Every structure is written in C-alpha cells, then in structure tokens.
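Visitor: give me a 3D structure for the following:
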Amino acid sequence: MGRVFVAGSINMDVVATADRHPRVGETVAGRQVLYFPGGKGANQAVAAARLGAWTTLIGRLGKDSFGAELKAFLGDQGIDLGYVRETAEAHTGTAIITVAEADNTIVVIPGANGLVSADDVGVVPLLQGDVAVSQFEIPLPTIAAFFQRARGAGATTVLNPAPAQKMSPELLALVDILVLNETELGFLAGRELSDDDESAKIIAVARRLQARADQTICITLGRRGVLALAGQEEFAVPGRVVTAVDTTGAGDCFVGALASQLADGVPLRTALAFANAAASISVQRMGAGPSMPTAAEVAAVLSAG
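Guide: Next up, the predicted model:
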C-alpha cells in the first residue's frame, strides 16, 4: 500500500452564515460565525487520513493562535506533521467564507502558505506507489519541484488546480491526474464551460488541455457526477442527489478520497465512485476539514446504492 503526501495550504476558515449573500455594497444580517480548520491542502490530507491512508502534510503555519489550533486538529486526525513548518514571517492562512442557501463565497488570505518553498518539498521521502497531491494555494514553482521529485521516485501526481490560475505547460506535463470542475477546465483550456454543457463538449475541451497521451483528467460536476478522460478512454461516474448544507471543501474531500484509493491500488473508475460518494457525505455537514467522512461512512453509502 502506498502513502499520500499532500503539499498545500493550511487555513483557518472563518465562516459567516446568512439567509442570502449580500450584493455588492450591501450589508445583510448574519446568523452565526464559526471557525473551522480548512485550507485545500489540509482538507485533502484530512480526507485521505480519515479514509485510512497513511498521510503526510507539507506546509506552513504562522506562530499564532490559529496555527496552534490547526496543528492540534490535524495531529488528532492522525496526519504526519513532520514537514509542517511554523514561521514568524507571516500569519497563518485565513479564509473568510459566507454560506447562504447552501452555496458559499470565499476570500482567501494566503499568509504563511505563500512561503511554502521548493526546500520544504525537497526533503519528502517519496517512493514508488505513493501519491503526491497539490493545489493552487501554494506557489506554483513549489508544486513543480514537488511533482518533479514525485515523478522521479515513481509516485503518482495529482493536481487540483484551484483556485484557478494559468500554469505553464511544463507544470501541466508533470501531472498524472488532473482533478477540476468545469469552470476551472474552461479557464485553463481557454473555453467557456458551464455545468449545463453536454458531456461530449466537456470531454472535447479536456482533450484540448491534455498534456500527455497517458494523462488523466477528471471533471467534477456536482450532482451530475464525474467525467473522466483517462488517456484515450472516456467514462462517466453518476452523481448522487443529496440535500446540501455546506459545499465548502467538497472538492477537497473528493481529491483526498481519490488519493487514498489510488494509494491503495484501487482502479481509477472504482476510486472515482468512492470519491464521489465521500464528497456527497461532506456537503451534508458544516465546515471543511471537520466534514470529511470515514471509510465506514463511505462504505455504508456505497452499499446502500
């Protein structure tokens, strides 16, 4: 069995709930303010760890109260934090999130996440069979260094390019499995897409983005499920209809769950169905990191059909 190594962001999510989102220039009354462990890197690591994968997180925290709380929470999840550094140069990453009508808006202040460097990922003991995961909340040169090291060791690289930003062809070519939604796919491929577009159109855009003949691109479509372009093969995984409470972290849950299954040698199609079920559980709970399900919970959902 392989291991999961996540190089990414660690944030404290400050969540305000309201009946609706404010318009520009408008103030609305909120219901409550909540504090949840978050950050795409931390969320993905929590998801993988709760699902049974031996998981290491690589990142940075500030030397402040948020950093101390996050470190305690992540340690309680069984995540190896030996490569998480504390720095006095910046505050712990923070996300300001508004949740209304089951949807969210997010403003992320990177803080210490912006200091994660090639040196931080250069000492990680990756081996063949491991899975190296990253996202776009740490510097892109750091991700490239991480993936170069991973591919040299025979590990599988998984990139979640969110929040979406342009990346170099060289970085894209280092990615074995790209996991993104239709909006991010359209942005990276220079084509406008929506979740109402037909599957054939979405796959055609994915083919334009594909950097290598053996590269896999997985497009998450919420309730519509997942489309996958695995090399030249294309297939769909049906979605699950649930009543969403908070979609924050759902994509991270999917990525972490997928990584946990790949590390365990599970075939891609089966791993995607598992990840889809895991994400459907997470949206029925408040918060990002704390909403991640266990393996037993996902197994129960899958067995129930």
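Visitor: can you give me the strands for the stretch 1-150 of the chain?
Guide: Applying DSSP state E, counting those that start in this stretch to the stretch 1-150 of the chain gives strands spanning 4-7, 11-18, 30-38, 55-62, 80-87, 93-100, 103-109, 131-135.
Visitor: buried residues in the longest one?
Guide: Buried positions in strand 30-38, judged by neighbour count with 16 or more other CB atoms under 10 Å: Leu34, Phe36, Pro37, Gly38. Just so you know, the C-beta spots here come from the backbone N, C-alpha and C atoms, and that holds for glycine as well.
Visitor: just the residues you listed now: which is nearest Pro125?
Guide: Set against Pro125, the nearest of those by CB to CB is Pro37 (25.5 Å).
Visitor: skipping its backbone neighbours, what lies nearest the closest one in space?
Guide: Nearest residue to Pro37, sequence neighbours excluded (CB to CB, 6 or more residues apart in numbering): Gly289, at 3.8 Å.
Visitor: what residues are up against that neighbour?
Guide: Applying CB atoms under 8 Å, 6 or more residues apart in numbering to Gly289 gives the contacts Phe36, Pro37, Gly38, Ala42, Asn43, Val46, Phe73, Gln77, Gly249.
Visitor: which of those residues lies closest to Asn113?
Guide: Ala42 (9.9 Å).
Visitor: before we move on, the earlier item: let me have the strands of the stretch 1-150 of the chain in CSV, adding mean pLDDT and distance to Arg207 as columns.
Guide: Listed next are these as CSV, based on pLDDT from 0 to 100; distance: least, CB to CB, whole Å:
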stretch, mean pLDDT, distance to Arg207
strand 4-7, 98, 28
strand 11-18, 93, 34
strand 30-38, 92, 33
strand 55-62, 98, 32
strand 80-87, 97, 36
strand 93-100, 91, 33
strand 103-109, 86, 30
strand 131-135, 98, 23
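Visitor: can I get the ones you listed in CSV with distance to Phe274?
Guide: Putting the strands of the stretch 1-150 of the chain into CSV (distance: least, CB to CB, whole Å) gives the following:
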stretch, distance to Phe274
strand 4-7, 14
strand 11-18, 25
strand 30-38, 23
strand 55-62, 16
strand 80-87, 23
strand 93-100, 26
strand 103-109, 24
strand 131-135, 14
